[in-house]
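> Pasting the sequence and the predicted model now:
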Amino acid sequence: MPLINSQGAVTALSPPDALDPTQSDMTSVGDVLMIAFAFDSPVDGKAFSAAALLRAEGYGGTLIGVGPVGLDRLAYGFRAGFDVLELTDDEWQQLQPHHLSPFPHHYQPETRPSQPLKKSA
Amino acid sequence: MYKYNPIDQAIVDARVSQFSEQMTRYLAGELPEEQFMPLRLQNGLYIQRHAPMLRVAIPYGTLAGYQLRHLAQIARKYDRGYGHFTTRQNIQFNWLALEQVPEVLGELATVQMHAIQTSGACVRNTTTDPLAGTVADEAIDPRVVCELIRQWSTFHPEFAYLPRKFKIAVVATEEDRAAIEVHDVGIRIKKHVIHGLAFDLWVGGGLGRTPLLGHRLLADLPLDELRNWLTAVLRVYNLAGRRDNKYKARIKILVNAMGVEAFREAVTHRYLTDHDSDLKISAETLEDLGDSFSCKLEPQPIEGHQGSLDFQRWYRQNTKPHRIMGYRSVFLSLKRPGTAPGDVTALQMDVIADLADRFSQSEIRTTHDQNLILPHVAESDLKELLQCLSAHDLAHPNLGLISDSIACPGLDFCSLANAPSLSLAEALHETFDDLDEQVDIGPLEVKISGCMNACGHHHIAHIGILGVEKKGQPWYQITLGGRDQQGAALGKRLGPAVPHDDVLPLIKRLVDTYLEERQPGEYFVGFVDRLGVDYLKEISYATH
Ligand code: HEM
Ligand code: SF4
């Protein structure tokens, strides 16, 4: 899935190549408008933590998850801090409201939301 | 006992509908196997040798009478009339039909039970001291902390797709009855002069293919920060743990690859940068949860253990002191001749549920060595209780003795097995059929796994037995001197593997040597330490 922003194409990063868990991340990505993380397989969940820790550190840009996210992981993805997640055409056809919100309550606190897409100078 | 609030109930109910819908999509061919697998595993559903197996969570090993009674109903209605208690304090049903699983989950939800996260690469049921709440020297009832971890880890958006399974164990006493050093994370809670309650954090222990003892990563952390520290540990693991090879994917491999120092630094960094004040545990929460677990018992006159010889033997072997005067914790051995370790019939479940209601504040505990406990029995009720237990084959007085062995299901049920386990557990009963001899031998833990996945915990047994395959035949490797308590140690290999029928004769020679050469007061495991495996090897293989 090609992704585009106003500067040109964006490549999806596969954590942890993009993020070193021992380093502060905001110094490297804090100014980036939009970051895409790849889910390498239906059982790969690195990207959930990659998104969540950026949000924990206050990252306000747009987070996109690409790859085999799957209907059953959409809710986790949004709660972990993603704004946009990829689906296949078939999944898009099957999508029901409960896939976005299977549970009426959550035991974990909310992640900080992203800011509206805009950037000063 | 902790009772679900409306939020807990709503979440468990929602899970039942979610899983039904997932199963419907799977059966309709809309959900590929590859995507369904993690979903069914996170609901405790395995495809086994004969039929799907469902593992039901018993959070921190505490069950109420009405819950056990419902498990009995499920065993009757959907299974073959029995259930199997596991080494992780859960229960498994081995003979369910796939399509009925959502219905079973629906029934479980009516008694506040579920199969959430009992398998799969996620945070599993937190295990703890089976005697929680009954011993005098606890810093806090560890189930309070387990329940906090249960809530925090249930459907955690970040940690449902980890590199591999993740097991946490918690204790709150000096004595470690939950084997914290062989878990991905072990937590020891203690009283602390500054923090009130603090914890030590162990990371990177585990059994399986690469058995390792955990490292004490951090000590004396304030308890209210527990969830922030756990988040930090899991974030580092989720990002940096290996996913290319499932045998290298546990956190223990990551900790060793990074080195403990670097791992500690990474976790501390994440803790400091990602700290979330909403994860702090308030004093009120601790107090409320503490109240929900506490059980108000009036001290009773001490009755002592006068009575028939059978009663005395059972009292000595199968009951333990209680923090309240006049009470005992009563162990129900699930290791009886003729029965697979951990198996309980539906009838026995009903009986145990009734006995718990009558004699033990409706509480039952499961232990990681596959026994059950009625934790709060008045001494004055013990004789009547023993009669009932005896009538239902639940009073076998072999707790902690050589025939109280742990065994995984092995080749009889498990598709990964190299060798049978259950037949060796049975052979232990046959070889050591004299209970007086077993008492004379004293504490001796035998643990049997049918393959190197080590569900039977053979690495931490005084005598460990591991099924291996040799030229298409089941053979067994013996290890000696393992243990899971403080000063935990992994067993050392005794020598070459032996065929099935040589295992018990070999163990008999070892035990006979111990009986002849032990020093006064020396237990089997101390004897192994003193003489060393090389010396014992010569004796054990003498007739080969
Ligand atoms: C006083 C303590 C006892 C208690 C609390 C107790 C409890 C129970 C319960 C609740 C059941 C019915 C389970 C069900 O149908 O689901 C049961 C069944 C039974 N009990 Fe007991 N029992 C006790 C003592 C005994 C004794 C002393 C004997 C005989 C020596 C005995 C033999 C049986 C038998 C044969 C059954 C029926 C088994 C079957 O239906 O297949 N029980 N018991
Ligand atoms: S140890 Fe091996 S044989 Fe035994 S239950 Fe586990 S996977 Fe199966």
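Cool, the structure landed. Ligands and ions are numbered 1, 2, ... in the order given.
> where in the stretch 351-500 of chain B is pLDDT low?
Per-residue confidence of the stretch 351-500 of chain B (counting by pLDDT under 70) places the weak regions at B:486.
> mind checking the longest helix of the chain?
Looking at chain A here, since you left the chain open. Ordering each helix of chain A by length in residues (DSSP state H) puts helix A:46-56 first.
> wrong one, I was asking about chain B
Using DSSP H, we find that the single longest helix of chain B is helix B:6-27.
> Next, the buried residues of it.
With burial defined by 16 or more other CB atoms under 10 Å in any protein chain shown, the residues of helix B:6-27 counted as buried are B:8, B:11-16, B:18-19, B:21-23, B:25-26. From N, CA and C alone the C-beta is placed, and that goes for glycine too.
> Can you name the residues in contact with the helix or strand just after that helix?
The element immediately downstream of helix B:6-27 (helix or strand, assigned by DSSP states H and E) is helix B:33-41. Residues lying outside helix B:33-41 but in contact with it, judged by CB atoms under 8 Å, 6 or more residues apart in numbering or on different chains, are A:42-43, A:68, A:70, A:72, B:19, B:22-23, B:26, B:31, B:119-121, B:161.
> Now do the closest residue to B:Lys248 other than its chain neighbours: how many residues are near it, please.
Counting by CB to CB, 6 or more residues apart in numbering or on different chains, B:Arg242 is the residue found nearest to B:Lys248 once chain neighbours are left out, at 4.8 Å. By the other CB atoms under 10 Å in any protein chain shown criterion, the neighbourhood of B:Arg242 contains 15 residues.
> check contacts around B:Arg242.
Contacts here follow CB under 8 Å, 6+ apart; on that basis B:Arg242 touches B:163, B:248-249, B:253-254.
> Repeat the analysis, applying 10 Å as the threshold.
B:Arg242 makes contacts with B:163-164, B:248-250, B:253-254, B:257, as judged by CB atoms under 10 Å, 6 or more residues apart in numbering or on different chains.
> same thing with B:Leu386?
Per CB under 10 Å, 6+ apart, neighbours of B:Leu386: B:307-308, B:310-311, B:314-315, B:318-319, B:330, B:394-395, B:397.
> you'd agree B:Asp381 is up against B:Val330?
Yes. Because the distance of 9.4 Å satisfies CB atoms under 10 Å, B:Asp381 is recorded as touching B:Val330.
> Looking at these two, which has the bigger crowd around it?
B:Val330 (28 against 19).
> Please settle this for me: is that one part of a helix?
No. Counting by DSSP: H, G, I helix; E, B strand; the rest coil, B:Val330 is not part of a helix but strand.
> Strands of chain A, start to end?
Assignment of strands within chain A using DSSP state E yields the ranges A:3-5, A:8-10, A:34-38, A:62-66, A:84-85.
> low pLDDT regions in chain A?
Along chain A, segments meeting pLDDT under 70 span A:1-28, A:30, A:112-121.
> could you measure the residue in it that chain B sits nearest to against B:Ser119, distance?
Residue of chain A nearest chain B, by CB to the nearest CB: A:Gly45 (2.6 Å). Look at A:Gly45 and B:Ser119: by CB to CB, to the nearest Å, they are 16 Å apart.
> So these two - more neighbours on which side?
Counting neighbours by other CB under 10 Å for A:Gly45 and for B:Ser119 shows that A:Gly45 has the greater number, 28 against 20.
> Identify the residues contacting that one.
With contacts taken as CB under 10 Å, 6+ apart, A:Gly45 has the following neighbours: A:39, A:73, A:76-77, A:80, B:38, B:121-122, B:157-163, B:238-239, B:243.
> Also B:Leu148?
B:Leu148 sits next to A:107, B:126, B:170, B:223, B:226-227, B:230, B:281, B:285-286, B:289 when contact means CB under 10 Å, 6+ apart.
> Helix or strand: which one has it?
helix B:142-153.
> ranges for the helices of chain A?
With DSSP H applied, chain A shows helices at A:26-29, A:46-56, A:74-80, A:89-94, A:97-100, listed in chain order.
> among those helices, which is nearest ligand 1?
Among the helices of chain A, helix A:97-100 comes nearest to ligand 1, with 38.2 Å by CB to the nearest ligand atom.
> Which strands and helices lie in contact with that closest one?
Packing contacts for helix A:97-100, counted by 3 or more CB pairs under 10 Å, 6 or more residues apart in numbering or on different chains; DSSP states H and E, involve helix A:74-80, helix B:6-27.
> need these in CSV with distance to B:Leu218, can you?
CSV is the format used below for those (distance: least, CB to CB, whole Å):
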stretch, distance to B:Leu218
helix A:74-80, 25
helix B:6-27, 30
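> Give the rounded mean pLDDT of stretch B:275-295.
This predicted structure assigns stretch B:275-295 an average pLDDT of 95.
> What residues of that stretch count as buried?
Of the residues in stretch B:275-295, those with enough neighbours to count as buried (16+ other CB under 10 Å) are B:276, B:279, B:281, B:286, B:289, B:293.
> Look up how far ligand 2 lies from B:Ser415.
B:Ser415 sits 8 Å away from ligand 2, going by CB to the nearest ligand atom, to the nearest Å.
> after the helix or strand where B:Glu284 lies, next one along is what?
In this structure, B:Glu284 is located in helix B:283-293 according to DSSP H and E. Following the chain from helix B:283-293 toward its C-terminal end, the next helix or strand by DSSP H and E is helix B:309-318.
> Show me what from the stretch 351-500 of chain B comes close to ligand 1.
For the stretch 351-500 of chain B, the residues in contact with ligand 1 (CB under 6 Å from any ligand atom) are B:351, B:354-355, B:387-388, B:391-392.
> Which members of those are positioned in helices?
Mapping those onto helices (DSSP H) picks out B:351, B:354-355, B:387-388, B:391.
> need the buried residues of helix B:6-27 in CSV with pLDDT, can you?
Rendered in CSV, the data for these read as follows (pLDDT from 0 to 100):
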residue, pLDDT
B:Asp8, 95
B:Ile11, 96
B:Val12, 95
B:Asp13, 96
B:Ala14, 96
B:Arg15, 95
B:Val16, 95
B:Gln18, 96
B:Phe19, 95
B:Glu21, 95
B:Gln22, 94
B:Met23, 92
B:Arg25, 93
B:Tyr26, 91
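> Pull the most distant pair out of the residues of the stretch 351-500 of chain B next to ligand 1.
B:Asp354 and B:Gln387 (13.3 Å; CB to CB).
> These two: who's more crowded?
Neighbours around B:Asp354 and B:Gln387, counted as other CB under 10 Å, are more numerous at B:Asp354. The numbers are 14 against 11.
> What's the separation between the more buried one and B:Ser362?
With distances defined as CB to CB, the gap from B:Asp354 to B:Ser362 amounts to 10 Å.
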